[in-house]
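>>> I'd like to go over a predicted model; first the sequence, then the structure.
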Amino acid sequence: MNKDVFDYFIKGEKKYEVIIGLEVHAQVSSNSKLFSGSATKFGAEPNSQVSLIDSAFPGMLPVINKECVKQAIRTGLGLNAKINNNSVFDRKNYFYADLPQGYQISQYKNPIVGEGKVLLDMPYGSKEVGIERLHLEQDAGKSIHDVDPLNTYVDLNRSGIALMEIVSKPDLRSPEEVNAYIKKLRTIMRYLGTCDGNMQEGSLRADVNVSVRQVGDKNFGTRCEIKNVNSIKFMQMAIEYEANRQVKLLDEGKKIDQETRLFDTKKNETRSMRSKEDAHDYRYFPDPDLLPLKIEQKLIDDLKKTLPELPDNKKERFMNDYGLNSYEANVLVSEKEISNYYEEVAKLSDKKLAATWMMGDLFAMLNDKGLNISKSPISAKNFAELVQSIKSGEISGRIAKEVFELMVKSGDNPKKIIESKGMKQQSDPKELEKIVNEILTKNKDKVDQYKSGKEKLFGFFVGQVMKQSGGKANPQLTNEILKKLLKG
């Protein structure tokens, strides 16, 4: 196969399409665990946040954390999903060294949240991805293999931490769509405050289900599950490798085994871990220590009233109220903090110009310094004043970049910098006309050449005016005066 499966898909030549579904594990934003009062702070000393319940001490009974239930409901509402009034916790039975109980408390047939949907903005248009379900479950501990060459250590700080498992329908068809889906899901949860989405801390990770089938075939192929992928980049790499591995097997007339695989980030390949379990392998049964969960409709309705404006609604408002295009609005609602910063700037300055400068110079500076917008050295108020100084013609775009750099270093107000550095744009028509006349008088030969048809020399005259004015000449006014005098 000379081209990979995605090239065939993009060019309409391939005979296979990729089917992708995700099981996203999102850590619930909560100060305590799902069934105990233990803390959930990231980076604590190993085994320092473990209760008798978390360590499965005999006779210790779990008690549901009501805040985690509310967070799951809020997330479900944010995903336009059905909230189930009756929900049951089950035991999912399997053995692993960092699972002290020998089972995981999860949900099987009766999850808290039912079907929902997420809308993606792709280059080829809007795409709807179905949500199959969202259920609550407890996390396992963490096995540590790199401390001792002969022994594996276990840290139970994560044991019992509340997770929302968000299961998508098999609606995704490329790594690019997976990228957009994860980012959108993370954005929604961050807006809601239900998950911080910090993948580097393990707050968001996914099991990726991949299968391929011939174009036109309505039946799904045999899927393989790639476990615990903790970055969007690695998800995309794993999907590309796995899809092409499966296509190669089918092209060779071989069979694909249903199995669980791991992604080796160093070798950029997936490899077999174990045969894929089905639900009956886990011997699910209702947890006898936890009563069925009855969720009153009033609680759901009350929580719905507390939801913030979500990304899709905010995007539409930005386009309608601020005149932004779809791309600009998408970028500016991608993070709650970014949208808040933009709105503060837009209230005090030109909305369109503010968007352009934010997405250009401000984002470039933040990226270069490794900062998020909440740590920006330029306040929204000062940034708005800079935008207005450009809009009013007080400074040129070129000078604005100098002012911007000085604002980054000092944090000062742009007006103060402009006045103290003498950077105000020269916009007096009489003064500019005087400068232009001097330039034209000094360069009569070039004026004659311009009038004889060498119109490219116009840029030369503009440059000379800028040079003589120290870059302070108003560009628009300079052009108008030059055109008028060169005609004479």
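Received the coordinates, thanks.

>>> nearest spatial neighbour of Met235, chain-adjacent residues omitted?
Counting by Cβ to Cβ, 6 or more residues apart in numbering, Met235 lies nearest to Val229, which is 4.9 Å off, once chain neighbours are set aside. In this view, the C-beta of every residue, glycine as well, is placed from N, C-alpha and C.

>>> now Leu52
Among residues not flanking Leu52 along the chain, Met60 sits closest, at 4.6 Å (Cβ to Cβ, 6+ apart).

>>> same thing with Gly141?
Excluding the flanking residues, the one nearest Gly141 by Cβ to Cβ, 6+ apart is Asp98, at 3.6 Å.

>>> number of residues surrounding that neighbour?
Neighbours of Asp98 under the rule other Cβ atoms under 10 Å: 17.

>>> from what I see, it and Lys142 are in contact.
Yes: between Asp98 and Lys142 there is a contact at 5.9 Å, judged by Cβ atoms under 8 Å.

>>> in stretch 232-245, what's buried?
For stretch 232-245, burial by neighbour count (16 or more other Cβ atoms under 10 Å) applies to 232, 234-245.

>>> how about the residues you listed, which pair is most distant?
Ile232 and Arg245 (20.4 Å; Cβ to Cβ).

>>> so what pLDDT did the spatially most central residue of the chain get?
Centroid-nearest residue in the chain: Lys183, 3.5 Å away (criterion: Cα atoms, centre = their mean). Note on Lys183: pLDDT of 97.

>>> next, it: secondary structure please.
Secondary structure, DSSP: H, G, I helix; E, B strand; the rest coil: Lys183 is helix.

>>> who touches it in this structure?
Shown in contact with Lys183 (Cβ atoms under 8 Å, 6 or more residues apart in numbering): 232, 334.

>>> check Gln388 too.
Residues in contact with Gln388 (Cβ under 8 Å, 6+ apart) are 348-350.

>>> can you do 10 Å?
When contacts are counted by Cβ atoms under 10 Å, 6 or more residues apart in numbering, Gln388 touches 345, 348-350, 353-354, 394, 414-415.

>>> doesn't it lie inside a helix?
Yes: under three-state DSSP, Gln388 sits within a helix.

>>> quick one: residues in contact with the helix or strand harbouring Asn320.
Here Asn320, judged by DSSP states H and E, is contained in helix 311-322. Helix 311-322 is contacted by residues 78, 80, 118-119, 121, 126, 184, 187-188, 190-191, 307-309, 324-326, 328-336, 339, 342-343, 346, 350-352, 354-355 when judged by Cβ under 10 Å, 6+ apart.

>>> restrict that helix to CA atoms and write it as CSV.
C-alpha atoms of helix 311-322 as CSV (Å, rounded to 0.1, in the frame of the first residue of the first chain):
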residue,chain,number,x,y,z
PRO,A,311,-19.0,27.5,23.7
ASP,A,312,-21.5,27.0,20.8
ASN,A,313,-23.9,29.6,22.1
LYS,A,314,-21.0,32.0,22.8
LYS,A,315,-19.6,31.5,19.3
GLU,A,316,-23.0,32.4,17.8
ARG,A,317,-23.2,35.5,20.0
PHE,A,318,-19.7,36.6,19.1
MET,A,319,-20.5,36.3,15.4
ASN,A,320,-23.8,38.2,15.7
ASP,A,321,-22.8,40.9,18.2
TYR,A,322,-19.2,41.5,17.4
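
>>> got the buried residues for that helix?
Buried residues in helix 311-322 (16+ other Cβ under 10 Å): 311-312, 314-315, 317-318, 322.

>>> save those residues as JSON lines, and put in pLDDT too.
Listed next are the buried residues of helix 311-322 as JSON lines, based on pLDDT from 0 to 100:
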{"residue": "Pro311", "pLDDT": "97"}
{"residue": "Asp312", "pLDDT": "96"}
{"residue": "Lys314", "pLDDT": "97"}
{"residue": "Lys315", "pLDDT": "97"}
{"residue": "Arg317", "pLDDT": "97"}
{"residue": "Phe318", "pLDDT": "97"}
{"residue": "Tyr322", "pLDDT": "96"}
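
>>> that older thread, distance-wise, check the residue nearest to the centre of the chain relative to Leu204.
Using Cβ to Cβ, to the nearest Å, we find Lys183 at a distance of 11 Å from Leu204.

>>> who touches both of these two?
Contact with both Lys183 and Leu204 is made by residues 197, 232, according to Cβ under 10 Å, 6+ apart.

>>> the closest residue in space to Leu406 that isn't next to it in sequence: which element?
The shortest distance from Leu406 to any non-neighbouring residue, by Cβ to Cβ, 6+ apart, is to Ile417 (5.0 Å). Ile417 belongs to helix 414-420 when assigned by DSSP H and E.

>>> which residues of the stretch 201-350 of the chain fall in helices?
232-251, 297-305, 311-322, 326-332, 336-346 (DSSP state H, counting those that start in this stretch).

>>> turn the ones you listed into CSV, including distance to Val18.
Below are the helices of the stretch 201-350 of the chain laid out as CSV (distance: least, Cβ to Cβ, whole Å):
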stretch, distance to Val18
helix 232-251, 5
helix 297-305, 36
helix 311-322, 26
helix 326-332, 25
helix 336-346, 32
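
>>> show me the shaky parts of the chain.
For the chain, the stretches with pLDDT under 70 are 1-14, 276-279, 426, 428, 488.

>>> domain parsing for it?
With domains defined by automatic domain parsing, the chain comprises 5-303, 309-420, 429-487.

>>> first vs last residue of the last one, how far apart are they?
This stretch, domain 429-487, spans 17 Å end to end (Cα to Cα, to the nearest Å).

>>> next one: it to chain centre, how far?
Chain-centre distance of domain 429-487: 48 Å, with Cα atoms, centre = their mean, to the nearest Å.

>>> with stretch 174-194 instead?
Counting by Cα atoms, centre = their mean, stretch 174-194 comes out at 6 Å from the chain centroid.

>>> same check on stretch 133-141?
The chain centroid and the centroid of stretch 133-141 are separated by 22 Å under Cα atoms, centre = their mean.

>>> quick one: the strands in the stretch 101-250 of the chain?
Under the criterion DSSP state E, counting those that start in this stretch, the stretch 101-250 of the chain contains strands at 103-106, 116-122, 125-138, 142-144, 153-155, 162-168, 204-214, 224-229.

>>> so what secondary structure elements neighbour the third one?
Spelled out, that is strand 125-138. When contacts are defined as 3 or more Cβ pairs under 10 Å, 6 or more residues apart in numbering; DSSP states H and E, strand 125-138 packs onto strand 16-27, helix 66-78, strand 90-93, strand 103-106, strand 116-122, strand 162-168, helix 175-192.

>>> return the residues in contact with Asn219.
Taking Cβ under 10 Å, 6+ apart, one finds Arg213 in contact with Asn219.

>>> likewise Gly197?
The contact partners of Gly197, taken as Cβ under 10 Å, 6+ apart, are 26-27, 29, 182-183, 185-190, 203-204, 335.

>>> circling back: can I get the buried residues of helix 311-322 in CSV including distance to Gly221?
As requested, the buried residues of helix 311-322 are arranged in CSV below (distance: Cβ to Cβ, whole Å):
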residue, distance to Gly221
Pro311, 33
Asp312, 32
Lys314, 38
Lys315, 35
Arg317, 42
Phe318, 41
Tyr322, 45
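
>>> which residue is the nearest non-sequential neighbour of Glu242?
Of all residues not flanking Glu242 in the chain, Val210 sits nearest, at 4.6 Å (Cβ to Cβ, 6+ apart).
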